[in-house]
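1. For reference, the sequence and a predicted model appear below.
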2 protein chains.
Amino acid sequence: MGTVYEKTATSPVNIAVIKYWGKRDTNLILPTNSSLSVTLSQDHLHSKTTIRASPDFEKTRLWLNGVEDTDIEKNKRLQNCFRETRRLRKEYEEKLCKDKGADNVIPLSEYNLHICSENNFPTAAGLASSASGFACLAYTLSQLYELPISTTELSKIARQGSGSACRSLFGGFVAWEMGSKDDGSDSQAVQVAPQDHWPELEALICVVSDAKKGTSSTEGMQNTVNTSTLLQHRIEHIVPLRMKSMIKAIHERDYQKFAEITMQDSNQFHAVCLDTSPPIFYLNDVSRAIIRMITEYNSSNPERKLKAAYTFDAGPNAVIYTTSENIPGIINLIAKYFPSNENTSEYFSDPFQLFVGKTIGEQPLPLGFNDQIIPVFPKGSVKQILHTKVGEGPKVVAGEYDGLLNKQGC
Amino acid sequence: MGTVYEKTATSPVNIAVIKYWGKRDTNLILPTNSSLSVTLSQDHLHSKTTIRASPDFEKTRLWLNGVEDTDIEKNKRLQNCFRETRRLRKEYEEKLCKDKGADNVIPLSEYNLHICSENNFPTAAGLASSASGFACLAYTLSQLYELPISTTELSKIARQGSGSACRSLFGGFVAWEMGSKDDGSDSQAVQVAPQDHWPELEALICVVSDAKKGTSSTEGMQNTVNTSTLLQHRIEHIVPLRMKSMIKAIHERDYQKFAEITMQDSNQFHAVCLDTSPPIFYLNDVSRAIIRMITEYNSSNPERKLKAAYTFDAGPNAVIYTTSENIPGIINLIAKYFPSNENTSEYFSDPFQLFVGKTIGEQPLPLGFNDQIIPVFPKGSVKQILHTKVGEGPKVVAGEYDGLLNKQGC
């Protein structure tokens, strides 16, 4: 067996505060509007990918969460990422060859690959696993191939795997600039602010049970593009202003503005889904009750300040962005109205040990909070609460023992 | 006791297919867009109002569903209707006086009134009782006062009680033209087509249980006007086109077009509610499942034709417009997925005797219908199905024994 070249890396999940919904080019994955997201800590949620290249591999193979995908030839999005990174590797090899001579170049661009990728969270939780997954694929390939390109350049490749994957290539606060060129060469991710820019900003993810699998976002967004009579107005007149205001709010750490736009844009995204024919629904009765609860929490506090901001992607899960000091109060609210049907350690994932010696869901409600605003939901309506914060971008995992390929026997 | 003058009349409910949502003048109740509705048969749903005028009444009093409203002085909308009809009566009396002499004129405009009004359906069902109620008040007053005005003129008075009440003054298919004048003199209802224009068109009303009383439409629509960034686009660019297409579809009895616009406009109304800050929700999980069921019913039939059109007002109840031949199949679907928790006679109100000898909810599903599209809901999720059709406008009830005032001891 010849020499084996291998790299392993992890990539984060990102949750948008200005939503991506609609493509102007479905092949290159060019969006109809710019979007902006917060990268979440990889301590909680990440994809991990090991890629091995060898002249001995007869074909390129992919294992996803331990199961081989035998249909990768037909997966255009995967092939886009392979083709683009190989092309860049090839160019790099030619340059190396010229500079240092052919003996000093390993022709990785000609080797087949074995790729193993897994998420440390259930795909079923609906937490945008394709964004972290494709970001991880593109990043790990770029590392294995030692590509001499910027992260923003790399984001254009990840984008062709899954649109929002381009945003998972940076930590902190990330804009996906929609661009205007037909070839997609200006549709890319840029970092708006780094991970440590706003240390007080934290997130709570409420994993909401849902009987029915909703419309896939790939299919749903094009139905919206084709049938909604409101989307075009959002794209042309609303999102550009919101992008500017949101970037300013982040730069100034203006939580009031950040929260206001976050909620407005989540609502508008679901509004254009509803304006689609036939309509697309991602929010269910539990999601809507969480919105009512957060609205009451924001309007009943004595300072009349926004203290929490909800946002929902293409599913019923709520992500609540708030600042550190409000986390215990919000968790208490969630646990009161959406109690656990399991033991607390599974229900609540809290690495920051907020509730030492206290029982969540049994603390008094905030002063002025109308406790009749929503009913107490059946146990298990919220399956899990994850407490997390702003995180860093993809990183190489040191040490070969971290690789996934041998562990899974693939 | 002096002479008593009395009139009793009934008025229908109307369900819009192009929705009214937003006022440009909250005092005169001038809308931000035109709207269009179908008047439903009074056999099922109506308001009934008796008004008595007498020189002996010390003050004007109002009983609503048997309970006196002792705060009518402060009810601006009621006072609008009283003031406008009295003013017209006064003019009429002056004219009569001039033509026939003072002895031949009864000065009804100077008398106080006793008004008794009731709905033959529970207000809690959320079936737009204020529209039929105010239409009935305005109509009964116009009859008692013998006002020499057209129904369209009268509609401007009813409009000042409750916006959509103006549409309940006509039978059949009714447009509320938004008008452009500041004084509201061109914001009025006109009949698009009479009651017997499209005899095949029928309606099924699904009364959906809901734990929480939603935002009132009066409050909700102004929140949308003030905060939605999509509403203005709907008002300026979408509704005017839809009004034209809908009127054409009705004139041509084009059910495909009628159904398409009806569903699109219901969806868009709920979309702008969701685009409001904080968002307004009227659809719940049952409403959304009804939408999915109708969507599947429309897309799975072999002819690929729209056979049913849902529409939802400011609440979770579905109104399904369809044509006669599809009624049994749709009722069967509803009863299968949203079974009754009571006896069938209360669950299903069907004067047309569609199911003689058969059991609803147990007929086979239509060929090609994916029965997994929604789950079977808990019994009672739909409380009642009402089968009704296009109906006539307000009418005077002959015979004094029909009056409500004595019966209720008021």
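-> Everything's here; your move.

2. what ranges do the strands span in the stretch 251-400 of chain A?
-> Taking DSSP state E, counting those that start in this stretch to define them, one finds strands in the stretch 251-400 of chain A at A:308-311, A:318-323, A:348-349, A:382-389, A:395-396.

3. can you redo these as a markdown table with mean pLDDT?
-> As requested, those are exported to a markdown table (pLDDT from 0 to 100):
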| stretch | mean pLDDT |
| --- | --- |
| strand A:308-311 | 98 |
| strand A:318-323 | 98 |
| strand A:348-349 | 76 |
| strand A:382-389 | 93 |
| strand A:395-396 | 97 |
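
4. and those as a markdown table, adding distance to chain B and mean neighbour count?
-> The way it works is simple: take the backbone N, C-alpha and C, and place the C-beta from them, glycine included. Formatted as a markdown table, the strands of the stretch 251-400 of chain A follow (distance: least, Cβ to the nearest Cβ, whole Å; neighbours: other Cβ atoms under 10 Å in any protein chain shown):
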| stretch | distance to chain B | mean neighbour count |
| --- | --- | --- |
| strand A:308-311 | 10 | 24 |
| strand A:318-323 | 13 | 23 |
| strand A:348-349 | 26 | 18 |
| strand A:382-389 | 16 | 21 |
| strand A:395-396 | 38 | 14 |
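
5. Among the ones you listed, single out whichever gets nearest to residue A:363.
-> For the strands of the stretch 251-400 of chain A, the distance to residue A:363 is smallest for strand A:348-349, at 13.4 Å, taking Cβ to Cβ.

6. Just checking: what are the partner strands of the closest one?
-> When sheet partners are counted by DSSP bridges, strand A:348-349 sits next to strand A:382-389 (parallel).

7. who touches the strand it pairs with?
-> A:40-41, A:43-45, A:125, A:201-209, A:286, A:290, A:327, A:331, A:334-335, A:338, A:340, A:346-352, A:354 (Cβ atoms under 8 Å, 6 or more residues apart in numbering or on different chains).

8. Narrow those residues to those that are buried.
-> Buried by 16 or more other Cβ atoms under 10 Å in any protein chain shown: A:40-41, A:44-45, A:125, A:201-209, A:286, A:290, A:327, A:331, A:334-335, A:338, A:340, A:347-348, A:350, out of the contacts of strand A:382-389.

9. if we can go back for a sec, can you list the strands of the stretch 251-400 of chain A in CSV and add distance to residue A:114?
-> Formatted as CSV, the strands of the stretch 251-400 of chain A follow (distance: least, Cβ to Cβ, whole Å):
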stretch, distance to residue A:114
strand A:308-311, 37
strand A:318-323, 34
strand A:348-349, 32
strand A:382-389, 31
strand A:395-396, 18
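
10. among the ones you listed, which is nearest residue B:141?
-> strand A:308-311 (48.0 Å).

11. Identify the residue spatially nearest to residue A:368, adjacent ones excluded.
-> Nearest in space to residue A:368, with sequence neighbours left out and distances taken as Cβ to Cβ, 6 or more residues apart in numbering or on different chains, is residue A:300 at 4.2 Å.

12. How many residues are close by that neighbour?
-> Close neighbours of residue A:300, defined as other Cβ atoms under 10 Å in any protein chain shown, add up to 16.

13. Residue A:48 too?
-> 22.

14. ok, the closest residue to it other than its chain neighbours to residue A:392 distance?
-> In space, and not counting its chain neighbours, residue A:48 is closest to residue A:10: 4.7 Å by Cβ to Cβ, 6+ apart. Distance from residue A:10 to residue A:392, counting by Cβ to Cβ, to the nearest Å: 10 Å.

15. repeat for residue A:35
-> Taking Cβ to Cβ, one finds residue A:35 at 20 Å from residue A:392.

16. Show me which of those two is the more surrounded one.
-> For residue A:35 versus residue A:392, neighbours defined as other Cβ under 10 Å are more numerous around residue A:35 (28 against 16).

17. Now do the helices in the stretch 1-150 of chain A.
-> For the stretch 1-150 of chain A, the helices defined by DSSP state H, counting those that start in this stretch occupy A:76-100, A:129-144.

18. Does chain B have contacts with stretch A:281-298?
-> Yes: judged by Cβ under 8 Å from any Cβ of the partner chain, stretch A:281-298 comes into contact with chain B at A:281, A:284-285, A:288, A:291-292, A:295.

19. Out of the residues you listed, list just those in helices.
-> In this view, these that belong to helices under DSSP state H are A:285, A:288, A:291-292, A:295.

20. Of the residues you listed, select the buried ones using a ChimeraX command.
-> Buried subset of those, written as a ChimeraX selection, criterion 16+ other Cβ under 10 Å:
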select /A:285,288,291,292,295
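
21. And the ones in helices among the residues of stretch A:281-298 next to chain B, which is closest to residue B:167?
-> Distances from residue B:167 to those, taken by Cβ to Cβ, are shortest for residue A:288, at 29.7 Å.

22. which residue sits closest to the closest one, ignoring its sequence neighbours?
-> Among residues not flanking residue A:288 along the chain, residue B:281 sits closest, at 5.0 Å (Cβ to Cβ, 6+ apart).

23. who's in contact with the one you found?
-> Taking Cβ under 8 Å, 6+ apart, we find residue B:281 in contact with A:288, A:291, B:214, B:273-274.

24. ditto for residue A:40
-> Neighbouring residues of residue A:40 by Cβ under 8 Å, 6+ apart: A:12-15, A:203, A:388-391.

25. and it, how far is that from residue A:13?
-> 5 Å.

26. try residue A:191
-> As judged by Cβ to Cβ, residue A:191 and residue A:13 stand 16 Å apart.

27. Between these two, which has more neighbouring residues?
-> residue A:13 (30 against 19).

28. ok, that one touching residue A:43?
-> No: counting by Cβ atoms under 8 Å, residue A:13 sits too far from residue A:43 to count as a contact (11.4 Å).

29. what's around residue A:26, how many residues?
-> 13.

30. pLDDT wise, what is it at?
-> Reported pLDDT at residue A:26 in the predicted model: 96.

31. got the contact list for it?
-> Contacts for residue A:26 (Cβ under 8 Å, 6+ apart) come out as residue A:222.

32. Could you measure from it over to residue A:269?
-> Using Cβ to Cβ, residue A:26 is found at 19 Å from residue A:269.

33. Up against chain B, what does the stretch 301-410 of chain A have?
-> Counting by Cβ under 8 Å from any Cβ, the stretch 301-410 of chain A comes close to chain B at A:374-375.

34. Looking at the helices of the stretch 1-150 of chain A, which is nearest to residue B:312?
-> Closest approach to residue B:312 among the helices of the stretch 1-150 of chain A is made by helix A:129-144 (33.1 Å; Cβ to Cβ).

35. counting contacts, what elements does that closest one pack onto?
-> Secondary-structure packing of helix A:129-144 (3 or more Cβ pairs under 8 Å, 6 or more residues apart in numbering or on different chains; DSSP states H and E): strand A:5-12, strand A:46-54, helix A:76-100, strand A:112-119, helix A:151-159.

36. pLDDT on the second one, on average?
-> Okay, so that is strand A:46-54. For strand A:46-54, mean pLDDT is 95.

37. The fourth one now?
-> Taken as a whole, strand A:112-119 has a mean pLDDT of 94.

38. what's in contact with that strand?
-> Contacts for strand A:112-119 (Cβ under 8 Å, 6+ apart): A:45-54, A:57-66, A:82, A:129, A:132-133, A:136-137, A:403-405, A:408, A:410.

39. Over to the third one?
-> Residues from elsewhere that reach helix A:76-100, judged by Cβ under 8 Å, 6+ apart: A:27, A:29, A:60, A:62, A:72-73, A:104-109, A:113, A:134, A:137-138, A:141-142, A:145-149, A:157-158, A:160-162.

40. For residue A:150, grab the count of nearby residues.
-> If you count neighbours by other Cβ under 10 Å, residue A:150 ends up with 11.

41. and if you look at residue A:113?
-> Counted with other Cβ under 10 Å, residues neighbouring residue A:113 total 22.

42. For chain B, give me its nearest residue in the stretch 101-250 of chain A.
-> residue A:233 (4.0 Å; Cβ to the nearest Cβ).
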